[in-house]
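**Student:** sequence and computational prediction follow.
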Amino acid sequence: MLRIVITYLIGLTFGLGIMISGMANPAKVLNFFDVAGTWDPSLIFVMGGALVVTFIGYRLIFGKGPKKPVMDETFQIPQNRTIDTRLLGGSAVFGLGWGIAGFCPGGALPAVGSLKPEVLIFAAALIAGIFIAKALQARAHS
Amino acid sequence: MITEFTPFQSLVGGSLIGLASVLLMLTLGRVMGATGILAGFMQPSSPRDWSWRAALLAGMVTAPGLMLLTTGHMPAIDVPVSIPMLVVGGILVGIGVTYGSGCTSGHGVCGNARLSPRSIAATLTFMLFTGITVYILRHVIGG
């Protein structure tokens, strides 16, 4: 039960960060990329703040921290180091979609709590896209 | 649509995103990636694996309501995008992050923070393509 409560509070912290930073606001996100137009550089500060805190925090955990997570058995860190066409192609398609809609998954998920119709429509389309990709991947493997 | 430059709020918000990423690694040993958390929530491998994802997502969606309660107003969510384009964009984002194994949080924050070559390559790629897409939509087609 403690595990669930703490995880809930971590999700809340993430959600507050997303809402305060402006990442859940497509007008702001799209303006970050519109250097030739109504440019708003705020997102540099979002990514900068998140990266610095995570970089230092990870260093402390993996350096002098515990051998295993406080409430689990192992650190589950992706070990794949190969840069392949699937990674780059997928990221390019993600960029295309992000540029069209202005929402990324981490920006949209906390915003779902606002119950704004545009967010709910994006979230439904996002989930549909994930299932489409999983179905295509399953077919390619069979 | 012009938006206000908010370096202070964005830095505070970004730091909270970082704090959540660090705490999730410290407690559960997991990467704070929205894509992976959502995908695993919809197709769970075990009840124990599902419960932390459900709790994390529940925490996330509580944030707008908590901000409404404490500040008296909802943070701005302005969507200068038509509904058909939101649907097309959403589907493309879903397909892209699944093939690309991550998004702005998983690759952009957590992966880059541990200097993963895959995450650095993914981040440069999606930032470049988002920029090109916005330029074309606003200054070539819409210009």
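**Tutor:** Sure thing, it's come through. Numbers count the residues shown, from 1 in each chain, chains lettered A, B, ... in the order given.

**Student:** state which helix of chain A is the longest.
**Tutor:** Counting residues, the longest helix found in chain A (DSSP state H) is helix A:117-141.

**Student:** who are the contact partners of residue 93?
**Tutor:** With no chain named, the answer covers chain A. By CB atoms under 8 Å, 6 or more residues apart in numbering or on different chains, A:V93 lies in contact with B:92, B:95-96, B:99-100, B:129. C-beta coordinates here come from the backbone N, C-alpha and C atoms, glycine included.

**Student:** try chain B instead
**Tutor:** A:94, A:97-98, A:101, A:103-105, A:125-126, A:129, B:103.

**Student:** give me that answer again for 6 Å
**Tutor:** A:94, A:97-98, A:126 (CB atoms under 6 Å, 6 or more residues apart in numbering or on different chains).

**Student:** and the helices in chain A?
**Tutor:** Secondary structure of chain A (DSSP H): helices at A:2-21, A:26-33, A:42-63, A:85-101, A:105-111, A:117-141.

**Student:** B:G29: neighbouring residues, count only.
**Tutor:** The tally of other residues near B:G29 (other CB atoms under 10 Å in any protein chain shown) stands at 19.

**Student:** what sits closest to residue 49 if chain neighbours are left out?
**Tutor:** Going with chain A. With sequence-adjacent residues excluded and distances taken as CB to CB, 6 or more residues apart in numbering or on different chains, A:G49 is closest to B:G14, at 2.8 Å.

**Student:** wait, chain B was what I had in mind.
**Tutor:** B:G40 (6.5 Å).

**Student:** for A:L12, same thing?
**Tutor:** Spatial nearest neighbour of A:L12, excluding adjacent residues (CB to CB, 6+ apart): B:G59 at 3.8 Å.

**Student:** swap in B:M25?
**Tutor:** A:I61 (5.7 Å).

**Student:** now B:L24
**Tutor:** Of all residues not flanking B:L24 in the chain, B:M32 sits nearest, at 4.7 Å (CB to CB, 6+ apart).

**Student:** how about the one you found, secondary structure?
**Tutor:** coil (DSSP: H, G, I helix; E, B strand; the rest coil).

**Student:** who's in contact with the top helix by length along chain B?
**Tutor:** Of all the segments of type helix in chain B, defined by DSSP H, the longest one is helix B:47-71. With contact meaning CB under 6 Å, 6+ apart, helix B:47-71 is reached by A:4, A:7-8, A:11-12, A:14-16, A:19, A:109-110, A:112-114, B:28, B:37, B:40-41, B:44, B:74-75.

**Student:** keeping just the C-alphas, turn the helix or strand following it into CSV.
**Tutor:** Next helix or strand after helix B:47-71 toward the C-terminus (DSSP states H and E): helix B:83-99. Provided in CSV are the C-alpha atoms of helix B:83-99 (Å, rounded to 0.1, in the frame of the first residue of the first chain):
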residue,chain,number,x,y,z
ILE,B,83,-9.8,18.3,-34.2
PRO,B,84,-8.9,16.3,-37.4
MET,B,85,-5.2,17.4,-37.1
LEU,B,86,-5.2,16.5,-33.3
VAL,B,87,-6.4,13.0,-34.3
VAL,B,88,-3.8,12.6,-37.1
GLY,B,89,-1.1,14.0,-34.8
GLY,B,90,-2.1,11.8,-31.9
ILE,B,91,-2.0,8.6,-34.0
LEU,B,92,1.4,9.6,-35.5
VAL,B,93,2.8,10.3,-32.0
GLY,B,94,1.5,6.9,-30.8
ILE,B,95,3.1,5.0,-33.7
GLY,B,96,6.3,7.0,-33.5
VAL,B,97,6.9,6.7,-29.8
THR,B,98,6.2,2.9,-29.9
TYR,B,99,8.7,2.3,-32.8
